[in-house]
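In: coords please:
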Amino acid sequence: MKVIVIGPRGKMGKLITQTAAARDDMELAAGVAPKGRDYIGMDLGIAALTGRELGVPVVDDLESVIEQCDVIIDFSTRENAMSVLELAVKYKKGLVCGTTGFSPEEFKRFQDASAEIPMLYAANTSKLVNVMNKLLEIAVSVIGEEADIEILEMHDQWKKDAPSGTSKEMGEILAHALGRELSDIAVYGREGTAPREKGTIGYHSLRAGNIPSSHTVYFGCMGERLEITHHSYNWECFAKGACDCAAYLADKEPGFYTIQDVLGL
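Out: Numbering: from 1, shown residues only. Just a heads-up that it's a prediction; the model follows:
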């Protein structure tokens, strides 16, 4: 299958390009950079530091190369993602989007697009994070009503959205298992003096240095607590997962897919 990577010099785009270039089941068709970047026109392999030329260019216009691909992988920015989505629908190309921070109205556009293209949205493409999500379902089904639930997430200083898309997804899983909506029970940070409100889910976001990603969910009960944690040491696990998602879409009909479908969870 042929793949276009959006933002091939970015934190995730570079690793996705390197991972895809090493796979036997993928061929890179192009990289698409934001206008004005100094690596536009370079060979994609050189721009993404793969160590070799790939024989395909980095361009600044997705529409000029989109016909050459089967699937687009986009881990760029919230603003750019909407224009990528529009072109994917126009040209009927599969899309893997791992960008986070969308409003409910923006996210609905991805869901609506799935009527016309294979659309896979994943707030987190790590296999182990998604195994953790399954463990959260089990834990909350047993102790959810009696536990105080708090979520602590840590990311690098450049992370734009807070809380992270991954922690929001975890909160949705927990809230739905409790028969509630996250928007009704989430509490974001605390200040001052007040007792904890029963049945809420607390959120705490740390941003420091180049922390790749850490998420811990605490289930606090009387006399004991359970912690379920995932740490990523770098971003390679997310790049591998993104390429696995793209490969999954290779023969799929239009529809809205998730990484749970990819992993069989």
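
In: Would you check how far apart residue 171 and residue 239 are?
Out: Applying CB to CB, to the nearest Å, the value for residue 171 to residue 239 is 25 Å. (C-beta placed from N, C-alpha, C; glycine too.)

In: Between those two, which has more neighbouring residues?
Out: For residue 171 and residue 239, the more surrounded residue by other CB atoms under 10 Å is residue 239, and the numbers stand at 25 against 22.

In: Helix or strand for the closest residue to that one other than its chain neighbours, just tell me which one.
Out: The spatially closest residue to residue 239, leaving aside those adjacent along the chain, is residue 15, at 3.7 Å (CB to CB, 6 or more residues apart in numbering). Remark: residue 15 resides in helix 11-21, with elements defined by DSSP states H and E.

In: Show me what the helix or strand following that helix packs onto, helices and strands only.
Out: Using DSSP H and E, the helix or strand that follows helix 11-21 towards the C-terminus is strand 27-32. Under the contact criterion of 3 or more CB pairs under 8 Å, 6 or more residues apart in numbering; DSSP states H and E, the helices and strands touching strand 27-32 comprise strand 2-6, helix 11-21, helix 44-47, strand 58-59.

In: Can you give the strand pairings for the first one, parallel or anti for each?
Out: Which is strand 2-6. The sheet places strand 2-6 alongside strand 27-32 (parallel), strand 71-74 (parallel), with pairing taken from DSSP bridges.

In: between it and helix 11-21, how many degrees?
Out: An angle of 160 degrees separates the directions of strand 2-6 and helix 11-21 when computed by axes from the mean of the first three to the mean of the last three CA atoms, to 10 degrees.

In: Output strand 2-6 as PDB, nothing but the C-alphas.
Out: The C-alpha coordinates for strand 2-6 follow below in PDB (Å, rounded to 0.1, in the frame of the first residue of the first chain):
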ATOM      1  CA  LYS A   2       1.100   3.600  -0.700                       C
ATOM      2  CA  VAL A   3       1.100   6.100   2.200                       C
ATOM      3  CA  ILE A   4       1.400   9.900   2.400                       C
ATOM      4  CA  VAL A   5       2.700  11.200   5.700                       C
ATOM      5  CA  ILE A   6       1.600  14.700   6.900                       C
END
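
In: Fine by me, thanks again.
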